[in-house]
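In: After the sequence you'll find the predicted model.
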Protein chains: 2
Amino acid sequence: MAELRDPQSRRDPTARSRVRRLPERGAYDRATIDAILDEAMICHVGFVEDGQPYVIPTIHARDGDQLYLHGSSASRTLRELAGGIPMCVTVTILDGLVLARSAFHHSMNYRSVVVLGTAVEVEDRSEQVRAMEMISEHVAPGRWAEARQPDDREIRQTKILRIALDEASAKMRSGGPKDDEEDLALPVWAGVLPFRLVPQEPTTDDGVPAEITVPHYVIHHRLGAS
Amino acid sequence: MAELRDPQSRRDPTARSRVRRLPERGAYDRATIDAILDEAMICHVGFVEDGQPYVIPTIHARDGDQLYLHGSSASRTLRELAGGIPMCVTVTILDGLVLARSAFHHSMNYRSVVVLGTAVEVEDRSEQVRAMEMISEHVAPGRWAEARQPDDREIRQTKILRIALDEASAKMRSGGPKDDEEDLALPVWAGVLPFRLVPQEPTTDDGVPAEITVPHYVIHHRLGAS
(Lines give C-alpha, C1' and ligand atoms only; values in the text may rest on other atoms or scores of the structure.)
Protein backbone atom coordinates (compact mmCIF):
# COMPACT_ATOMS: atom_id res chain seq x y z
CA MET A 1 0.00 0.00 0.00
CA ALA A 2 2.94 2.33 0.14
CA GLU A 3 2.08 3.31 -3.39
CA LEU A 4 -1.28 4.07 -4.91
CA ARG A 5 -2.36 0.99 -6.81
CA ASP A 6 -4.88 -0.13 -9.35
CA PRO A 7 -7.85 -1.55 -7.54
CA GLN A 8 -9.44 -3.91 -9.99
CA SER A 9 -9.73 -4.93 -13.54
CA ARG A 10 -12.18 -2.21 -14.40
CA ARG A 11 -12.47 -2.66 -18.15
CA ASP A 12 -14.40 -5.88 -17.77
CA PRO A 13 -17.33 -5.22 -15.46
CA THR A 14 -17.75 -8.91 -14.75
CA ALA A 15 -14.26 -8.97 -13.31
CA ARG A 16 -13.83 -5.41 -12.08
CA SER A 17 -13.18 -6.55 -8.56
CA ARG A 18 -10.07 -8.44 -9.67
CA VAL A 19 -6.83 -7.08 -8.22
CA ARG A 20 -4.84 -5.87 -11.20
CA ARG A 21 -1.56 -4.55 -9.87
CA LEU A 22 0.46 -7.11 -7.91
CA PRO A 23 -2.21 -9.80 -8.36
CA GLU A 24 -0.39 -12.13 -5.95
CA ARG A 25 -1.64 -9.83 -3.18
CA GLY A 26 -5.27 -10.37 -4.09
CA ALA A 27 -7.67 -12.76 -2.39
CA TYR A 28 -11.27 -13.52 -3.17
CA ASP A 29 -12.27 -16.16 -0.70
CA ARG A 30 -15.01 -15.06 1.61
CA ALA A 31 -13.25 -16.23 4.78
CA THR A 32 -10.38 -13.79 4.11
CA ILE A 33 -12.72 -10.97 3.11
CA ASP A 34 -15.04 -11.51 6.07
CA ALA A 35 -12.21 -11.58 8.61
CA ILE A 36 -10.89 -8.22 7.39
CA LEU A 37 -14.35 -6.62 7.32
CA ASP A 38 -15.03 -7.92 10.83
CA GLU A 39 -11.74 -6.75 12.31
CA ALA A 40 -11.70 -3.23 10.82
CA MET A 41 -13.32 -0.65 13.10
CA ILE A 42 -14.20 1.80 10.32
CA CYS A 43 -14.73 1.82 6.59
CA HIS A 44 -14.56 4.49 3.89
CA VAL A 45 -17.58 4.85 1.62
CA GLY A 46 -17.13 6.20 -1.90
CA PHE A 47 -19.92 7.59 -4.07
CA VAL A 48 -20.28 10.06 -6.92
CA GLU A 49 -22.33 13.17 -7.37
CA ASP A 50 -22.14 15.36 -10.46
CA GLY A 51 -19.02 13.46 -11.48
CA GLN A 52 -17.23 14.28 -8.23
CA PRO A 53 -16.21 11.33 -6.03
CA TYR A 54 -16.60 11.66 -2.26
CA VAL A 55 -15.00 9.42 0.35
CA ILE A 56 -16.54 9.46 3.83
CA PRO A 57 -15.56 7.45 6.93
CA THR A 58 -18.21 5.57 8.84
CA ILE A 59 -18.76 2.33 10.76
CA HIS A 60 -20.22 -0.87 9.42
CA ALA A 61 -21.19 -4.40 10.35
CA ARG A 62 -21.27 -7.59 8.38
CA ASP A 63 -24.09 -10.11 8.66
CA GLY A 64 -23.34 -13.13 6.51
CA ASP A 65 -23.35 -11.97 2.89
CA GLN A 66 -24.47 -8.43 3.70
CA LEU A 67 -22.82 -5.28 4.92
CA TYR A 68 -24.82 -2.77 6.97
CA LEU A 69 -24.23 0.98 7.14
CA HIS A 70 -26.34 3.54 8.96
CA GLY A 71 -26.90 7.25 9.06
CA SER A 72 -29.42 9.97 9.66
CA SER A 73 -32.71 9.87 7.78
CA ALA A 74 -32.11 13.59 7.17
CA SER A 75 -28.86 12.94 5.30
CA ARG A 76 -29.06 13.55 1.58
CA THR A 77 -26.14 11.22 0.97
CA LEU A 78 -27.99 8.38 2.67
CA ARG A 79 -31.06 9.06 0.55
CA GLU A 80 -29.00 8.99 -2.63
CA LEU A 81 -27.20 5.80 -1.63
CA ALA A 82 -30.55 4.24 -0.74
CA GLY A 83 -31.62 5.07 -4.30
CA GLY A 84 -29.08 2.58 -5.58
CA ILE A 85 -26.25 4.73 -6.95
CA PRO A 86 -22.95 2.86 -7.47
CA MET A 87 -20.84 2.84 -4.34
CA CYS A 88 -17.59 1.45 -2.99
CA VAL A 89 -16.90 0.46 0.61
CA THR A 90 -13.23 0.04 1.51
CA VAL A 91 -11.73 -1.08 4.80
CA THR A 92 -8.02 -0.97 5.53
CA ILE A 93 -6.15 -2.36 8.49
CA LEU A 94 -2.62 -0.98 8.77
CA ASP A 95 -0.34 -3.71 10.11
CA GLY A 96 3.08 -2.14 9.86
CA LEU A 97 5.84 -0.30 8.14
CA VAL A 98 8.20 -2.32 5.94
CA LEU A 99 11.68 -0.82 5.93
CA ALA A 100 13.78 -2.12 3.06
CA ARG A 101 17.44 -1.33 2.45
CA SER A 102 16.47 0.74 -0.58
CA ALA A 103 13.97 3.60 -0.36
CA PHE A 104 12.26 2.20 -3.46
CA HIS A 105 11.26 -1.07 -1.80
CA HIS A 106 9.79 0.46 1.32
CA SER A 107 6.22 -0.66 1.81
CA MET A 108 3.39 -1.13 4.27
CA ASN A 109 1.90 -4.31 5.61
CA TYR A 110 -1.87 -4.06 5.48
CA ARG A 111 -5.10 -5.92 4.85
CA SER A 112 -7.81 -4.22 2.83
CA VAL A 113 -11.16 -5.10 1.30
CA VAL A 114 -12.95 -3.28 -1.51
CA VAL A 115 -16.69 -3.88 -1.92
CA LEU A 116 -18.42 -2.63 -5.06
CA GLY A 117 -22.18 -2.51 -5.26
CA THR A 118 -25.35 -0.65 -4.57
CA ALA A 119 -27.30 -0.23 -1.37
CA VAL A 120 -30.89 -0.96 -0.58
CA GLU A 121 -32.66 0.66 2.33
CA VAL A 122 -33.77 -1.68 5.08
CA GLU A 123 -37.48 -1.01 5.68
CA ASP A 124 -38.36 -3.88 7.97
CA ARG A 125 -38.36 -2.72 11.57
CA SER A 126 -36.93 -5.88 13.07
CA GLU A 127 -34.11 -5.93 10.51
CA GLN A 128 -33.46 -2.22 11.23
CA VAL A 129 -33.04 -2.89 14.94
CA ARG A 130 -30.99 -5.99 14.27
CA ALA A 131 -28.67 -3.97 11.99
CA MET A 132 -28.32 -1.28 14.68
CA GLU A 133 -27.40 -3.98 17.16
CA MET A 134 -24.85 -5.51 14.78
CA ILE A 135 -23.22 -2.15 14.05
CA SER A 136 -23.05 -1.40 17.78
CA GLU A 137 -21.67 -4.84 18.61
CA HIS A 138 -19.16 -4.55 15.79
CA VAL A 139 -17.40 -1.58 17.44
CA ALA A 140 -18.29 -2.30 21.06
CA PRO A 141 -19.10 -5.97 21.66
CA GLY A 142 -21.22 -6.37 24.77
CA ARG A 143 -22.57 -2.83 24.79
CA TRP A 144 -25.95 -3.32 23.13
CA ALA A 145 -27.47 -5.33 26.00
CA GLU A 146 -26.58 -2.60 28.50
CA ALA A 147 -27.39 0.66 26.69
CA ARG A 148 -30.91 2.01 26.44
CA GLN A 149 -32.46 0.52 23.31
CA PRO A 150 -33.59 2.84 20.48
CA ASP A 151 -37.21 3.99 20.66
CA ASP A 152 -39.57 4.47 17.72
CA ARG A 153 -38.52 8.06 17.11
CA GLU A 154 -34.82 7.13 17.09
CA ILE A 155 -35.46 4.23 14.71
CA ARG A 156 -37.34 6.57 12.37
CA GLN A 157 -34.43 9.02 12.50
CA THR A 158 -32.01 6.29 11.42
CA LYS A 159 -31.61 5.01 7.89
CA ILE A 160 -30.08 1.56 7.49
CA LEU A 161 -28.44 0.55 4.22
CA ARG A 162 -27.61 -2.99 3.17
CA ILE A 163 -25.00 -3.87 0.53
CA ALA A 164 -24.50 -7.42 -0.73
CA LEU A 165 -20.96 -8.77 -0.68
CA ASP A 166 -21.30 -10.03 -4.24
CA GLU A 167 -18.38 -8.10 -5.66
CA ALA A 168 -15.65 -7.91 -3.06
CA SER A 169 -11.92 -8.42 -3.09
CA ALA A 170 -9.18 -8.40 -0.50
CA LYS A 171 -5.67 -7.11 -0.97
CA MET A 172 -2.92 -7.46 1.55
CA ARG A 173 0.78 -7.52 2.19
CA SER A 174 2.61 -9.20 5.04
CA GLY A 175 6.14 -10.19 5.87
CA GLY A 176 9.50 -8.52 5.62
CA PRO A 177 11.13 -6.27 3.01
CA LYS A 178 11.85 -7.55 -0.51
CA ASP A 179 15.15 -5.94 -1.38
CA ASP A 180 17.04 -6.29 -4.63
CA GLU A 181 19.80 -8.91 -4.43
CA GLU A 182 22.53 -6.31 -4.86
CA ASP A 183 21.28 -4.26 -1.91
CA LEU A 184 21.32 -7.08 0.64
CA ALA A 185 24.89 -6.38 1.71
CA LEU A 186 24.27 -2.68 2.37
CA PRO A 187 25.00 -1.63 5.95
CA VAL A 188 21.39 -0.53 6.50
CA TRP A 189 19.00 -1.92 9.09
CA ALA A 190 15.93 -3.51 7.50
CA GLY A 191 12.82 -4.99 9.02
CA VAL A 192 9.23 -4.38 9.97
CA LEU A 193 7.74 -2.01 12.52
CA PRO A 194 4.28 -3.43 13.29
CA PHE A 195 1.41 -1.12 14.24
CA ARG A 196 -1.71 -1.93 16.17
CA LEU A 197 -4.80 0.10 17.08
CA VAL A 198 -4.77 -0.20 20.86
CA PRO A 199 -7.45 0.81 23.40
CA GLN A 200 -6.19 3.27 25.99
CA GLU A 201 -7.44 4.00 29.51
CA PRO A 202 -11.22 4.63 29.44
CA THR A 203 -12.57 7.90 30.83
CA THR A 204 -15.87 7.89 32.71
CA ASP A 205 -18.48 10.51 31.85
CA ASP A 206 -19.41 13.14 34.45
CA GLY A 207 -22.44 12.11 36.41
CA VAL A 208 -21.93 8.36 36.28
CA PRO A 209 -22.52 7.17 39.88
CA ALA A 210 -19.42 5.88 41.63
CA GLU A 211 -20.96 2.43 42.10
CA ILE A 212 -21.19 1.96 38.32
CA THR A 213 -17.74 0.78 37.37
CA VAL A 214 -16.15 0.47 33.93
CA PRO A 215 -17.74 -2.59 32.29
CA HIS A 216 -15.75 -5.70 31.51
CA TYR A 217 -16.41 -5.32 27.76
CA VAL A 218 -14.81 -1.86 27.83
CA ILE A 219 -11.74 -2.93 29.77
CA HIS A 220 -11.41 -6.01 27.56
CA HIS A 221 -12.39 -4.43 24.26
CA ARG A 222 -11.73 -6.68 21.27
CA LEU A 223 -9.00 -4.37 20.00
CA GLY A 224 -7.11 -5.04 23.22
CA ALA A 225 -6.78 -8.74 22.42
CA SER A 226 -3.50 -9.45 20.66
CA MET B 1 -18.57 9.22 12.49
CA ALA B 2 -20.65 6.46 14.01
CA GLU B 3 -23.15 7.16 11.28
CA LEU B 4 -22.58 7.79 7.60
CA ARG B 5 -22.84 11.53 7.11
CA ASP B 6 -23.18 14.07 4.36
CA PRO B 7 -19.73 15.25 3.43
CA GLN B 8 -20.26 18.66 1.97
CA SER B 9 -22.73 21.04 0.50
CA ARG B 10 -22.59 19.51 -2.94
CA ARG B 11 -25.37 21.45 -4.65
CA ASP B 12 -23.27 24.60 -4.73
CA PRO B 13 -19.92 23.71 -6.28
CA THR B 14 -18.30 26.81 -4.84
CA ALA B 15 -19.11 25.51 -1.38
CA ARG B 16 -19.10 21.75 -1.91
CA SER B 17 -16.41 21.28 0.68
CA ARG B 18 -18.68 22.72 3.36
CA VAL B 19 -19.66 20.25 6.09
CA ARG B 20 -23.43 19.93 5.80
CA ARG B 21 -24.50 17.47 8.49
CA LEU B 22 -23.57 18.57 12.03
CA PRO B 23 -21.83 21.73 10.75
CA GLU B 24 -20.46 22.47 14.22
CA ARG B 25 -18.04 19.61 13.62
CA GLY B 26 -16.56 21.23 10.54
CA ALA B 27 -13.32 23.18 10.37
CA TYR B 28 -11.73 24.94 7.44
CA ASP B 29 -8.62 26.54 8.87
CA ARG B 30 -5.46 25.23 7.34
CA ALA B 31 -3.71 24.65 10.66
CA THR B 32 -6.39 22.13 11.65
CA ILE B 33 -6.45 20.51 8.22
CA ASP B 34 -2.67 20.31 7.97
CA ALA B 35 -2.26 18.76 11.42
CA ILE B 36 -4.70 15.96 10.56
CA LEU B 37 -3.10 15.30 7.16
CA ASP B 38 0.33 15.22 8.77
CA GLU B 39 -0.63 12.88 11.61
CA ALA B 40 -2.58 10.34 9.55
CA MET B 41 -0.41 7.47 8.30
CA ILE B 42 -2.63 6.56 5.36
CA CYS B 43 -5.30 8.12 3.18
CA HIS B 44 -8.09 6.75 1.01
CA VAL B 45 -8.23 8.00 -2.58
CA GLY B 46 -11.56 8.09 -4.40
CA PHE B 47 -11.99 8.31 -8.16
CA VAL B 48 -14.57 7.30 -10.76
CA GLU B 49 -14.43 5.16 -13.84
CA ASP B 50 -17.47 4.38 -15.98
CA GLY B 51 -19.63 5.81 -13.23
CA GLN B 52 -18.26 3.41 -10.61
CA PRO B 53 -16.46 4.95 -7.61
CA TYR B 54 -13.32 3.24 -6.30
CA VAL B 55 -11.69 3.88 -2.94
CA ILE B 56 -8.07 2.78 -2.55
CA PRO B 57 -5.74 3.13 0.46
CA THR B 58 -2.30 4.65 -0.02
CA ILE B 59 0.22 6.89 1.72
CA HIS B 60 0.67 10.60 1.22
CA ALA B 61 2.73 13.58 2.28
CA ARG B 62 1.88 17.25 2.57
CA ASP B 63 4.25 19.96 1.45
CA GLY B 64 2.77 23.35 2.25
CA ASP B 65 -0.33 23.76 0.10
CA GLN B 66 0.20 20.51 -1.81
CA LEU B 67 -0.46 16.87 -1.18
CA TYR B 68 1.77 14.24 -2.82
CA LEU B 69 0.76 10.69 -3.74
CA HIS B 70 2.85 8.14 -5.59
CA GLY B 71 2.47 4.90 -7.44
CA SER B 72 3.81 2.77 -10.23
CA SER B 73 4.22 4.30 -13.68
CA ALA B 74 2.58 1.09 -14.94
CA SER B 75 -0.61 1.73 -12.99
CA ARG B 76 -3.59 2.70 -15.11
CA THR B 77 -5.24 4.39 -12.16
CA LEU B 78 -2.22 6.65 -11.73
CA ARG B 79 -2.29 7.55 -15.42
CA GLU B 80 -5.97 8.42 -15.23
CA LEU B 81 -5.53 10.49 -12.09
CA ALA B 82 -2.57 12.26 -13.71
CA GLY B 83 -4.96 13.13 -16.55
CA GLY B 84 -6.88 15.34 -14.15
CA ILE B 85 -10.06 13.36 -13.40
CA PRO B 86 -11.94 14.52 -10.28
CA MET B 87 -10.66 12.86 -7.14
CA CYS B 88 -11.14 12.87 -3.40
CA VAL B 89 -8.48 12.18 -0.78
CA THR B 90 -9.79 11.41 2.70
CA VAL B 91 -7.78 10.79 5.87
CA THR B 92 -9.37 9.60 9.10
CA ILE B 93 -7.79 9.27 12.53
CA LEU B 94 -9.87 7.17 14.90
CA ASP B 95 -9.54 8.61 18.40
CA GLY B 96 -12.03 6.57 20.38
CA LEU B 97 -15.37 5.02 21.03
CA VAL B 98 -18.02 7.20 22.68
CA LEU B 99 -20.35 5.11 24.83
CA ALA B 100 -23.54 6.96 25.67
CA ARG B 101 -26.29 5.73 27.98
CA SER B 102 -28.58 5.28 24.97
CA ALA B 103 -27.59 3.17 21.98
CA PHE B 104 -28.76 6.00 19.72
CA HIS B 105 -26.18 8.48 21.01
CA HIS B 106 -23.19 6.21 20.69
CA SER B 107 -20.50 7.77 18.53
CA MET B 108 -16.85 7.81 17.61
CA ASN B 109 -14.24 10.44 18.32
CA TYR B 110 -12.26 11.08 15.17
CA ARG B 111 -10.51 13.67 13.06
CA SER B 112 -10.92 13.54 9.30
CA VAL B 113 -10.03 15.64 6.28
CA VAL B 114 -11.62 15.51 2.84
CA VAL B 115 -9.67 17.00 -0.07
CA LEU B 116 -11.45 17.50 -3.39
CA GLY B 117 -9.49 18.29 -6.50
CA THR B 118 -7.55 17.02 -9.44
CA ALA B 119 -3.98 15.81 -9.66
CA VAL B 120 -1.13 16.91 -11.83
CA GLU B 121 1.84 14.68 -12.54
CA VAL B 122 5.16 15.92 -11.21
CA GLU B 123 7.61 15.88 -14.12
CA ASP B 124 10.54 17.74 -12.62
CA ARG B 125 13.13 15.27 -11.41
CA SER B 126 14.19 17.20 -8.32
CA GLU B 127 10.56 17.63 -7.27
CA GLN B 128 9.97 13.91 -7.89
CA VAL B 129 12.80 12.95 -5.57
CA ARG B 130 11.77 15.54 -3.01
CA ALA B 131 8.21 14.15 -3.05
CA MET B 132 9.55 10.61 -2.60
CA GLU B 133 11.56 11.84 0.36
CA MET B 134 8.54 13.60 1.88
CA ILE B 135 6.33 10.54 1.51
CA SER B 136 9.03 8.36 3.08
CA GLU B 137 9.62 10.82 5.91
CA HIS B 138 5.89 11.13 6.48
CA VAL B 139 5.55 7.47 7.46
CA ALA B 140 9.10 6.86 8.74
CA PRO B 141 10.82 10.07 9.82
CA GLY B 142 14.59 9.67 9.74
CA ARG B 143 14.60 6.78 7.30
CA TRP B 144 15.35 8.58 4.03
CA ALA B 145 18.90 9.56 4.96
CA GLU B 146 19.80 5.98 5.75
CA ALA B 147 18.13 3.95 2.98
CA ARG B 148 19.65 3.58 -0.47
CA GLN B 149 18.37 6.47 -2.57
CA PRO B 150 16.29 5.77 -5.68
CA ASP B 151 18.26 5.46 -8.91
CA ASP B 152 17.16 6.68 -12.36
CA ARG B 153 15.34 3.49 -13.23
CA GLU B 154 13.39 3.54 -9.94
CA ILE B 155 12.49 7.19 -10.41
CA ARG B 156 11.21 6.43 -13.91
CA GLN B 157 9.13 3.57 -12.50
CA THR B 158 7.47 5.92 -10.03
CA LYS B 159 4.73 8.36 -10.85
CA ILE B 160 4.26 11.28 -8.46
CA LEU B 161 0.96 13.13 -8.28
CA ARG B 162 0.39 16.54 -6.71
CA ILE B 163 -2.99 17.80 -5.52
CA ALA B 164 -3.51 21.37 -4.30
CA LEU B 165 -5.22 21.80 -0.93
CA ASP B 166 -7.57 24.41 -2.37
CA GLU B 167 -10.77 22.62 -1.48
CA ALA B 168 -10.31 20.84 1.82
CA SER B 169 -12.37 20.51 4.96
CA ALA B 170 -11.88 18.88 8.33
CA LYS B 171 -14.55 17.17 10.37
CA MET B 172 -14.06 15.89 13.86
CA ARG B 173 -15.63 14.89 17.12
CA SER B 174 -14.06 14.89 20.54
CA GLY B 175 -15.20 14.68 24.13
CA GLY B 176 -17.70 12.58 26.02
CA PRO B 177 -21.17 11.26 25.19
CA LYS B 178 -24.09 13.64 24.63
CA ASP B 179 -27.01 11.86 26.21
CA ASP B 180 -30.60 13.04 26.34
CA GLU B 181 -31.45 14.69 29.64
CA GLU B 182 -33.93 11.99 30.58
CA ASP B 183 -31.31 9.25 30.14
CA LEU B 184 -28.71 10.75 32.47
CA ALA B 185 -30.06 8.94 35.52
CA LEU B 186 -29.98 5.51 33.87
CA PRO B 187 -27.79 3.00 35.72
CA VAL B 188 -25.52 2.57 32.67
CA TRP B 189 -21.80 3.29 32.52
CA ALA B 190 -20.95 6.01 30.00
CA GLY B 191 -17.66 7.38 28.83
CA VAL B 192 -14.98 7.22 26.18
CA LEU B 193 -12.61 4.41 25.25
CA PRO B 194 -9.72 6.11 23.44
CA PHE B 195 -7.82 4.29 20.69
CA ARG B 196 -4.32 4.90 19.45
CA LEU B 197 -2.28 3.40 16.61
CA VAL B 198 0.76 2.16 18.52
CA PRO B 199 4.07 0.84 17.18
CA GLN B 200 4.89 -2.66 18.41
CA GLU B 201 8.23 -4.43 18.77
CA PRO B 202 10.21 -4.15 15.48
CA THR B 203 11.38 -7.34 13.78
CA THR B 204 14.76 -7.36 12.03
CA ASP B 205 15.02 -8.83 8.54
CA ASP B 206 17.04 -11.99 7.97
CA GLY B 207 20.55 -11.18 6.87
CA VAL B 208 20.97 -7.89 8.71
CA PRO B 209 24.41 -8.12 10.40
CA ALA B 210 24.28 -8.33 14.18
CA GLU B 211 26.28 -5.10 14.55
CA ILE B 212 23.52 -3.13 12.81
CA THR B 213 21.03 -2.45 15.56
CA VAL B 214 17.47 -1.15 15.33
CA PRO B 215 17.73 2.57 14.53
CA HIS B 216 16.63 5.25 16.96
CA TYR B 217 13.98 6.51 14.52
CA VAL B 218 12.38 3.06 14.46
CA ILE B 219 12.38 2.59 18.24
CA HIS B 220 11.12 6.15 18.67
CA HIS B 221 8.72 6.23 15.73
CA ARG B 222 6.46 9.29 15.74
CA LEU B 223 3.40 7.14 16.42
CA GLY B 224 4.98 6.09 19.68
CA ALA B 225 4.94 9.64 21.04
CA SER B 226 1.81 10.25 23.05
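Out: Arrived safely. Fair warning: this is a prediction, and the values are worked out from it, not measured in the lab. Residues are numbered from 1 along each chain as shown, chains lettered A, B, ... in the order given.

In: OK, contacts around the residue nearest to A:Thr58 when sequence neighbours are not counted?
Out: Closest residue to A:Thr58 apart from its sequence neighbours, by CB to CB, 6 or more residues apart in numbering or on different chains: B:Leu4 at 4.0 Å. For every residue, glycine as well, the C-beta is placed using N, CA and C. Contacts for B:Leu4 (CB atoms under 8 Å, 6 or more residues apart in numbering or on different chains) come out as A:45, A:56, A:58, A:69-71, A:75, A:77-78, A:81, A:161.

In: Give me the mean pLDDT for the longest helix along chain A.
Out: Secondary structure of chain A per DSSP state H: the longest helix is helix A:125-139. Regarding helix A:125-139, the rounded mean pLDDT is 97.

In: Say whether chain B is contacted by it.
Out: Yes: remark: helix A:125-139 sits within contact range of chain B at A:132, A:135-136, A:139, by CB under 8 Å from any CB of the partner chain.

In: So which elements touch the helix or strand bottoming out on mean pLDDT in chain A?
Out: Every helix and strand of chain A was ranked by mean pLDDT, DSSP states H and E. The lowest is strand A:26-27, at a mean of 78. Helices and strands touching strand A:26-27, by 3 or more CB pairs under 8 Å, 6 or more residues apart in numbering or on different chains; DSSP states H and E, are strand A:167-173.

In: After the strand it packs on, which helix or strand is next? Please name it.
Out: strand A:191-199 (DSSP states H and E).

In: Is whatever helix or strand comes next after that next one in proximity to chain B?
Out: Using DSSP H and E, the helix or strand that follows strand A:191-199 towards the C-terminus is strand A:203-204. Yes: using CB under 8 Å from any CB, strand A:203-204 reaches chain B at A:203-204.

In: cool, stretch A:43-56 as well?
Out: Yes: residues of stretch A:43-56 are located near chain B by CB under 8 Å from any CB, namely A:44-56.

In: Return the members of the residues you listed classed as buried.
Out: A:44-49, A:52-56 (16 or more other CB atoms under 10 Å in any protein chain shown).

In: could the residues you listed go into CSV alongside distance to B:Gln128?
Out: Formatted as CSV, those follow (distance: CB to CB, whole Å):
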residue, distance to B:Gln128
A:His44, 28
A:Val45, 32
A:Gly46, 28
A:Phe47, 33
A:Val48, 31
A:Glu49, 33
A:Gln52, 28
A:Pro53, 26
A:Tyr54, 29
A:Val55, 26
A:Ile56, 31
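
In: Tell me which entries of those residues lie within helices.
Out: The members of these all map outside helices under DSSP H.

In: on that earlier part again, I'd like the residues of stretch A:43-56 next to chain B as CSV, with pLDDT appended.
Out: Below are the residues of stretch A:43-56 next to chain B laid out as CSV (pLDDT from 0 to 100):
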residue, pLDDT
A:His44, 98
A:Val45, 98
A:Gly46, 98
A:Phe47, 97
A:Val48, 97
A:Glu49, 94
A:Asp50, 92
A:Gly51, 94
A:Gln52, 96
A:Pro53, 97
A:Tyr54, 97
A:Val55, 97
A:Ile56, 96
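
In: Please list the members of those residues that lie in strands.
Out: The strands, defined by DSSP state E, take in A:44-49, A:52-56 from those.

In: circling back: identify the farthest-apart pair in the residues of helix A:125-139 next to chain B.
Out: A:Met132 and A:Val139 (11.8 Å; CB to CB).

In: Show me what the longest strand along chain A is packed up against.
Out: Identified as the longest strand of chain A according to DSSP E is strand A:87-99. With contacts taken as 3+ CB pairs under 8 Å, 6+ apart, strand A:87-99 sits against helix A:30-39, strand A:43-49, strand A:107-117, strand A:191-199, strand B:43-49, strand B:52-58.

In: Indicate which one of the ones you listed is closest to A:Asp206.
Out: strand A:191-199 (21.0 Å).

In: Paired strands for that closest one, with orientation please.
Out: Under the criterion DSSP bridges, strand A:191-199 sits next to strand A:87-99 (antiparallel), strand B:191-199 (antiparallel), strand B:203-204 (antiparallel) in its sheet.

In: quick one: average pLDDT of the longest one?
Out: Strand A:87-99 shows a mean pLDDT of 98.

In: do the last one as well
Out: What strand B:203-204 shows for mean pLDDT is 98.

In: After it, which helix or strand is next?
Out: helix B:216-219.

In: Quick one: distance of that following helix to the chain centre.
Out: 22 Å (CA atoms, centre = their mean, to the nearest Å).

In: One more: stretch A:114-124?
Out: How far stretch A:114-124 lies from its chain's middle: 15 Å, per CA atoms, centre = their mean.

In: Give me the contact status of it with chain B.
Out: Yes: counting by CB under 8 Å from any CB, chain B is contacted by stretch A:114-124 at A:114, A:116.

In: which residues does the nearest residue to A:Gln157 once chain neighbours are set aside contact?
Out: Take A:Gln157 and drop its neighbours on the chain: the residue closest to it by CB to CB, 6+ apart is A:Ser73, 5.4 Å away. Contacts of A:Ser73 were listed using CB under 8 Å, 6+ apart, and they are A:156-159.

In: Go through these and flag which are in strands.
Out: A:158-159.

In: For the contacts of A:Ser73, pick the one with the most neighbours.
Out: Greatest neighbour count in the contacts of A:Ser73, by other CB atoms under 10 Å in any protein chain shown, goes to A:Lys159: 23 neighbours.
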